[in-house]
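Asker: no sequence on hand, only this structure:
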């Protein structure tokens, strides 16, 4: 009798657990919704440390020298301190070098590791220098992909902000997105990608950038977008076929016809699908995909499926896009 009573109790418990499991599964399957934005914005970021973009030789009375190169500094290194003094701008670097002796200890980050190198700066009547070109910030134009009304988060670009010379992801200290007005378009043509031209309103702020990574830039909005939210597609829902690109390349936010040509199920570099622009108006306006369109939402079957990320240089009517799920998982 005890055995059967215990069995009955256990069966009831298992049944209750099963009911809870079904309840949680049903809740988890409720589709996530996001606001597809498609708005061009100004992007302004400051680097965490100084990104070494290039090395240079310096001409002096005794001939050319290259202090940074000779000390082992490389393009892509991030200078964070000089003789223990943190530097976060090109002006701070120059000031620190002025106060140093014949040699300085440069602290830098390389591939995630901190290193210290001894450098002998070049000196003349204009001051001291290392023979490096550094970046302490970047500005540009891009497109916001989505806004999450529940969390206030936004995602944009679908690819990282990177140094134009080294191609390396810029280490982010802080950044913001600004209101922008598209003032013109340089059309893409085979071999020469075009770009959007625009002006920024530096007195305004649409959001703070918190993260810069391989899947885009992410942060919190300070001025929420009130467009309607739509369901988010899972990666396996994205199929070759008709789609639209939401963008304001003409200064007015609207959808343009496009086609998802191919889906790459196992991509790891943000090139998850190939997109072809089919809208005659967009082709006439831009020649296809141009720089500044990165982040433009891609919509298929009423769902937000991804964002435009790259243009094919020799076929600018085509480009790549990232799955929206990859962006939201990275934010």
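Answerer: Received it, and whenever you're ready, just let me know what you need. For clarity, every value in this text was computed on a predicted model and none was experimentally measured.

Asker: quick one: strands adjacent to the longest strand along the chain?
Answerer: If you go by DSSP state E, the chain has its longest strand at strand 33-55. Take DSSP bridges as the rule and strand 33-55 pairs in its sheet with strand 78-82 (antiparallel), strand 132-147 (antiparallel), strand 172-186 (antiparallel), strand 230-231 (antiparallel).

Asker: so what's the gap between the first one and the chain middle?
Answerer: By that I understand strand 78-82. Centroid displacement of strand 78-82 relative to its chain, using C-alpha atoms, centre = their mean, to the nearest Å, is 24 Å.

Asker: please apply the same query to the longest one.
Answerer: Averaging C-alpha coordinates over strand 132-147 and over its chain gives two centres that are 8 Å apart (C-alpha atoms, centre = their mean).

Asker: could I get the buried residue list for it?
Answerer: Residues of strand 132-147 classed as buried: 132-138, 140-147 (neighbour count, 16 or more other C-beta atoms under 10 Å). C-beta: built from backbone N, CA, C; applies to glycine.

Asker: what's the answer for the first one, then?
Answerer: Within strand 78-82, the residues that count as buried by 16+ other C-beta under 10 Å are 78-82.

Asker: so what strands line up beside the very next helix or strand once past it?
Answerer: Following strand 78-82 in sequence order, the next helix or strand is strand 85-86 (DSSP states H and E). Sheet pairing here is set by DSSP bridges, and for strand 85-86 it gives strand 78-82 (antiparallel).

Asker: distance check, the residue lying closest to residue 45 once chain neighbours are set aside against residue 139.
Answerer: Leaving aside its sequence neighbours, residue 45 sits nearest to residue 175 (C-beta to C-beta, 6 or more residues apart in numbering; 3.4 Å). Taking C-beta to C-beta, to the nearest Å as the measure, residue 175 falls 10 Å from residue 139.

Asker: now list whatever residues contact both of the two.
Answerer: The contact sets of residue 175 and residue 139 overlap at 43-45 (C-beta atoms under 8 Å, 6 or more residues apart in numbering).

Asker: could I get the residues you listed in CSV, plus columns for pLDDT?
Answerer: Below are these laid out as CSV (pLDDT from 0 to 100):
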residue, pLDDT
43, 96
44, 95
45, 94
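
Asker: might one say that residue 300 is in contact with residue 243?
Answerer: Yes: using C-beta atoms under 8 Å, residue 300 is in contact with residue 243, at 4.2 Å.

Asker: those two: who's more crowded?
Answerer: Ranked by neighbour count (other C-beta atoms under 10 Å), residue 300 and residue 243 place residue 243 first, with 26 against 21.

Asker: just want the angle from the host helix or strand of that one to strand 132-147.
Answerer: Taking DSSP H and E as the criterion, residue 243 maps to strand 241-247. Angle between the axes of strand 241-247 and strand 132-147 is 120 degrees (criterion: axes from the mean of the first three to the mean of the last three C-alpha atoms, to 10 degrees).

Asker: following the chain onward from strand 241-247, which element is next?
Answerer: Downstream of strand 241-247 (by DSSP H and E), the next one is strand 254-263.
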